[in-house]
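**Q** quick check, what structure comes out for this input:
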Amino acid sequence: MQCLRRAAFLLAAAASLSAVSASETVECFILKAPEKILDGVKKVAILPFEGDEAAGRAMADYIVANLMEEQRGIRDISGFFVKKEGKTFIGGARTNVFDLVERTQLDKIMAEQNLSNSGAINEQQAAQVGKILGLDAIVTGTLSYSSLDEQETNTYKNPKTGQVRYEYCTIRKVTGKARLKIISVNTAQIIGTTDASQVSSQKKCDEERSGLPPSSELADAAFKSIAGTFVNYFAPSFTLVKYKFQSIRAKEFKDRAKAAEEALSRGDLDNAFAVYKAVYDADPYNATAAGAVGGLYDMVGNYDKALEYWKIAAEIDAKEWGPSAAWAEKEIAMAKMLANLGVQITPREFGQKADALAQRVTTRGRKNDRHEAREAPNAGSAVVARVPGDTEFAVLGQEGEWVKVKLLGGKEGYLNKSMVK
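**A** Down below sits the predicted model:
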């Protein structure tokens, strides 16, 4: 999977911490903490919701399915012509943080206790079942739905004949509503509650109107969506973030900065970091370079390092980079909350390259072509390597018509200028 490129650096979802124009935007998914942190809760059971029996059991099943997903929220992102696969660069990030009791085991205990398995039990009864199963909490709730058919008439007139045609349509709208409650087994108290609603609709016209799906089918689609909302309330989820990297305008770094942008477009964070970090080391007052380094650290879950470099950038330009530093502080707090749920984010560190700012040349031809790299800048010297075409090399110097390049294994060699572009 790859982080995805858009035309043209960070705030979650639709916003950006960098207000100025950007040269490269990378989209990827980061982990966010839920609204409700259930401290000390690890093992849970999901009871059917009270209301419609079939819908209540389906809701419980949808919640279980969501809770079992390891990377819930990561999805394909639609491009102009193709769908692009979503990606996270954060090590240790996951969303399946709870141990779930199987439905059959839950139903068995409910039956033994002469309790309804439709969700219609009170907090004391739920705690009773939970203690038998060794649970920390029970998740249940209530739901309902209403259906409305709206009629619509469309008129079409033939511009040539003037003939009028009428189209009669029915729009079936089903509104699903549900309330979630989370009950502590230890205290028999409700420790979390939230409400959600969702409208599911379908439209059919003329003779196809009889094919409208039943209200229960549309209600099921609404409750499936609500289940995802409920799980996001008490379990971590992934969210899409756009990191917008500004162009480095300093003339002496401009060419290599373009290489960093190209690396970003390929999802090659290591090479992009090497360039931006080298620019920052050479020019510590370059806020754009410091900001880019901070952004790359943030993308891989190293929030402490992200804060360090965004603070440096903010010292130079508080208006531009202050919001980024504030964002990193929130992420550090979020990481601590996630740790309480058993999610240990692994901060990644990047390597550095001594030649990151060196000029580059690319050999002509294709990969199966070979060019002779010489020991000295003349055609009569010994061949030290036969290098492939379409391969990039760091330039170490130039002598006349020869370019000195860095080869594999720390070797050096000379390529004639006719071999490179």
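**Q** might one say that Gln105 is in contact with Leu133?
**A** Yes - counting by Cβ atoms under 8 Å, Gln105 does reach Leu133; the two are 6.9 Å apart. Any C-beta I mention is one placed from the backbone N, CA and C, and that applies to glycine too.
**Q** the more surrounded of those two?
**A** The neighbour count for Gln105 versus Leu133, taken as other Cβ atoms under 10 Å, is higher for Leu133 (16 against 11).
**Q** any idea how far Gly295 is from that one?
**A** Distance from Leu133 to Gly295, counting by Cβ to Cβ, to the nearest Å: 45 Å.
**Q** next one: Cys169
**A** 49 Å.
**Q** Ser247 too?
**A** Taking Cβ to Cβ as the measure, Ser247 falls 14 Å from Gly295.
**Q** neighbouring contacts of stretch 196-212?
**A** The contact list for stretch 196-212, computed with Cβ atoms under 8 Å, 6 or more residues apart in numbering, reads 152, 154, 167-178, 180, 213, 218-219, 221-223, 225-226, 229-230.
**Q** show me what contacts Thr153?
**A** For Thr153, the residues meeting the contact criterion (Cβ under 8 Å, 6+ apart) are Tyr166, Glu167, Tyr168, Cys169.
**Q** what about the residues you listed, which are in strands?
**A** With DSSP state E as the criterion, strands contain Tyr166, Glu167, Tyr168, Cys169 from among these.
**Q** would you point out the most distant pair within these?
**A** Spanning the widest gap among those are Tyr166 and Cys169, at 10.3 Å by Cβ to Cβ.
**Q** between those two, which has more neighbouring residues?
**A** Set side by side, Tyr166 and Cys169 show more neighbours around Cys169, with 15 against 9, by other Cβ under 10 Å.
**Q** tell me the mean pLDDT for the longest helix along the chain?
**A** Counting by DSSP state H, the longest helix found in the chain is helix 318-340. On average, the pLDDT along helix 318-340 is 92.
**Q** try stretch 143-159
**A** Mean per-residue pLDDT for stretch 143-159: 95.
**Q** the strands in the stretch 1-150 of the chain, which residues?
**A** Under the criterion DSSP state E, counting those that start in this stretch, the stretch 1-150 of the chain contains strands at 4-6, 10-12, 24-32, 43-46, 77-78, 83-84, 99-100, 137-157.
**Q** distance to Arg256 for the ones you listed - can I get that in JSON lines?
**A** JSON lines is the format used below for the strands of the stretch 1-150 of the chain (distance: least, Cβ to Cβ, whole Å):
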{"stretch": "strand 4-6", "distance to Arg256": "19"}
{"stretch": "strand 10-12", "distance to Arg256": "23"}
{"stretch": "strand 24-32", "distance to Arg256": "14"}
{"stretch": "strand 43-46", "distance to Arg256": "52"}
{"stretch": "strand 77-78", "distance to Arg256": "29"}
{"stretch": "strand 83-84", "distance to Arg256": "27"}
{"stretch": "strand 99-100", "distance to Arg256": "50"}
{"stretch": "strand 137-157", "distance to Arg256": "53"}
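**Q** tell me which of these lies nearest to Gly56.
**A** Of all the strands of the stretch 1-150 of the chain, strand 137-157 sits nearest to Gly56, with 6.2 Å by Cβ to Cβ.
**Q** that older thread, which among the contacts of stretch 196-212 count as buried?
**A** Neighbour counting over these (16 or more other Cβ atoms under 10 Å) leaves 170-178, 180, 218-219, 221-223, 225-226, 229-230 as the buried ones.
**Q** circling back: and which of the ones in strands among the contacts of Thr153 is nearest to Ala278?
**A** Of those, the one sitting nearest to Ala278 (Cβ to Cβ) turns out to be Cys169, at 62.5 Å.
**Q** tell me, how many residues neighbour Gly409?
**A** By the criterion of other Cβ under 10 Å, Gly409 has 6 neighbours.
**Q** how near is Ala335 to Tyr303?
**A** From Ala335 to Tyr303 the distance is 6 Å (Cβ to Cβ).
**Q** again with Val241
**A** Counting by Cβ to Cβ, the gap from Val241 to Tyr303 is 13 Å.
**Q** check Pro388 too.
**A** Here Pro388 is placed at a distance of 40 Å from Tyr303 (Cβ to Cβ).
**Q** where does the stretch 301-421 of the chain dip in pLDDT?
**A** Filtered on pLDDT under 70, the stretch 301-421 of the chain yields the residue ranges 354-357.
**Q** need the strands for it, in chain order.
**A** Ranges of strands within the stretch 301-421 of the chain are 360-362, 370-374, 383-388, 392-399, 402-406, 412-416, based on DSSP E, counting those that start in this stretch.
**Q** so which of those strands comes closest to Ser23?
**A** Among the strands of the stretch 301-421 of the chain, strand 360-362 sits nearest to Ser23 (Cβ to Cβ), with 18.3 Å.
**Q** now the closest one, how far from the chain's geometric center?
**A** For strand 360-362, the separation from the chain centroid amounts to 34 Å (computed by Cα atoms, centre = their mean, to the nearest Å).
**Q** residues of stretch 387-406 that come out buried?
**A** Buried residues in stretch 387-406, counted by 16+ other Cβ under 10 Å: Val387, Gly389, Thr391, Phe393, Ala394, Val395, Leu396, Trp402, Val403, Lys404, Val405, Lys406.
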